[in-house]
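*Asks:* Provided below for reference: sequence and predicted model.
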Amino acid sequence: MRLKDIKQGVTIRSVGSLVMWLFALFAFWVNEIRISHFIGVSCSVLFLVLLGPLTLFTLKRVTGNNTFANVRLFFNILGALGFTAIIYSLGGIEATYLTPIYAALIAYLGVLAPQSVPFIIAGFCAFFFCSVVLLEGLGIIPGLKVDPHFNRSLTNQFIKVAVVMGLLFIVAYISSFTAGKLKHGRDRLRRKNKDLEEKSIQLENSQSELKVAHNGLKTMIAKLNSEIDERKKAEQEREKLINELENALKEIKTLRGILPLCSFCKKIRNDKGYWEQVDVYIQKHLQADVSHSVCPDCAKKHYSFLYKEGES
């Protein structure tokens, strides 16, 4: 049980005690109880209220789990004693109707404390209640009767005590059984939460790995797209070169065939049947520029006067 839960329990016990004191004040105001009953209830409630801070003060300074559990159990027993004092102040066996406050204490501790604690508290509650009834019956302590006509026969008291004890241990069993089920459920939930945390960590790691792989894939895709673009570009250049080579090959084949050449003017007939000068034909099919010059034989033939002057 955590200190936070103990503080909450102390607060609930103190508030419940003050509520009972208000009911006792109202009962005294309407003359249902006497001053002795009201003083007894007031002292018991004051004891329970002061027990709360003392409990927290002591538990904050206790070290060790076993010591902490034993001290906590001791203060819960004192709480049961304070509730017994309220029952005694309102008539003892006559106030059997107040014994459910024992059951409330047992049920609360049964949910939060170990499974043996409800039976221990139930045993002390039964012991305190039986002690009050027995001591009143033996005349050791004065009986604080609220109703002067209340039947205090031994048989009646024995039956009421037996019923109270039986109910207290039934509540203790139910609380312990419920606490065991809750503990089993908490343990199973804790295991599931642990498994969920491990799976969450694995999922985060997988997401990180997937992100790295995704980035690597994007890089590979970009590189592949770049290679594809380069290959497309190379393919286009290759096709262009092939076209150029095919065109050149066609021209070469054209030049390698028989050219129709005029015997007199030396013009060449093209594929369309038109006659072209040799230099024009060469420029079209060889993509070469023709520079005009005069060979020595033609120079002597057409420009003989130059040669004659030069010879003289």
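*Replies:* Cool, the structure landed.
*Asks:* isn't Gly52 right next to Gly16, touching?
*Replies:* No. Using Cβ atoms under 8 Å, Gly52 is not in contact with Gly16; the gap is 11.2 Å. Bear in mind the C-beta positions are built from the backbone N, C-alpha and C, glycine included.
*Asks:* These two: who's more crowded?
*Replies:* Per other Cβ atoms under 10 Å, whichever of Gly52 and Gly16 has more neighbours is Gly52, with 21 against 16.
*Asks:* And the helices in the protein, which stretches?
*Replies:* If DSSP state H is used as the criterion, the helices of the chain fall at 3-29, 35-60, 65-89, 100-112, 117-138, 154-256, 278-286, 296-302, 304-311.
*Asks:* so how many other residues sit close to Leu224?
*Replies:* Neighbours of Leu224 (other Cβ under 10 Å): 10.
*Asks:* Give me the pLDDT for it.
*Replies:* At Leu224, the model reports a pLDDT of 90.
*Asks:* Check the one 10 residues further on too.
*Replies:* pLDDT recorded at Ala234 is 88.
*Asks:* How many residues are close by it?
*Replies:* With other Cβ under 10 Å as criterion, Ala234 counts 10.
*Asks:* so what's it up against?
*Replies:* By Cβ atoms under 8 Å, 6 or more residues apart in numbering, the contact list for Ala234 is empty.
*Asks:* I'd like to know how far it sits from Leu241.
*Replies:* From Ala234 across to Leu241, the span is 10 Å (Cβ to Cβ, to the nearest Å).
*Asks:* and if you look at Phe124?
*Replies:* Distance of Phe124 to Leu241, computed by Cβ to Cβ: 107 Å.
*Asks:* swap in Asp147?
*Replies:* On the measure of Cβ to Cβ, Asp147 and Leu241 end up 124 Å apart.
*Asks:* which residues touch stretch 26-37?
*Replies:* With contacts defined as Cβ under 8 Å, 6+ apart, stretch 26-37 is touched by Ala24, Phe38, Ser89, Leu90, Gly91, Leu144, Val146.
*Asks:* Give the ChimeraX command for selecting the buried subset of the residues you listed.
*Replies:* Those of the contacts of stretch 26-37 that count as buried under 16 or more other Cβ atoms under 10 Å are selected in ChimeraX with:
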select :24,38,89,90,91,144,146
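*Asks:* out of the contacts of stretch 26-37, who's nearest Ile159?
*Replies:* Checking these against Ile159 with Cβ to Cβ, the nearest one is Gly91 at 16.5 Å.
*Asks:* Now do the phi/psi pair for the closest one.
*Replies:* phi 120, psi 0 (degrees, to the nearest 10).
*Asks:* who touches it in this structure?
*Replies:* His37, Gly143, Leu144, Lys145, Val146, Asp147, Phe150.
*Asks:* neighbour-wise, which of the residues you listed leads?
*Replies:* His37 (21 neighbours).
*Asks:* From Ala95, how far off is that residue?
*Replies:* Distance, His37 to Ala95, using Cβ to Cβ: 10 Å.
*Asks:* Now do the shared contacts for the two.
*Replies:* Val146.
*Asks:* ok, the residue nearest to Tyr303 when sequence neighbours are not counted - how many residues close by?
*Replies:* Sequence neighbours aside, Val294 is the residue nearest to Tyr303 in space, at 7.5 Å (criterion: Cβ to Cβ, 6 or more residues apart in numbering). A total of 11 residues lie near Val294 under the criterion other Cβ under 10 Å.
*Asks:* Hmm, Val294 is touching His302, no?
*Replies:* Yes. Counting by Cβ under 8 Å, Val294 does reach His302; the two are 7.4 Å apart.
*Asks:* Give the residues shared as contacts by the two.
*Replies:* Joint contacts of Val294 and His302 (Cβ under 8 Å, 6+ apart) do not exist.
*Asks:* okay, and for the stretch 51-200 of the chain, where does confidence drop off?
*Replies:* 151-152 (pLDDT under 70).
*Asks:* Looking at the contacts of stretch 26-37, which is nearest Ser200?
*Replies:* Distances from Ser200 to the contacts of stretch 26-37, taken as Cβ to Cβ, are shortest for Ala24 (55.4 Å).
*Asks:* From Cys43, how far out is that closest one?
*Replies:* 11 Å.
*Asks:* what do you get for Phe124?
*Replies:* 20 Å.
*Asks:* Then Gly139?
*Replies:* Gly139 is 22 Å from Cys43, by Cβ to Cβ.
*Asks:* More neighbours: which of the two?
*Replies:* Neighbours per residue (other Cβ under 10 Å) separate Gly139 from Cys43, with Cys43 holding more: 14 against 8.
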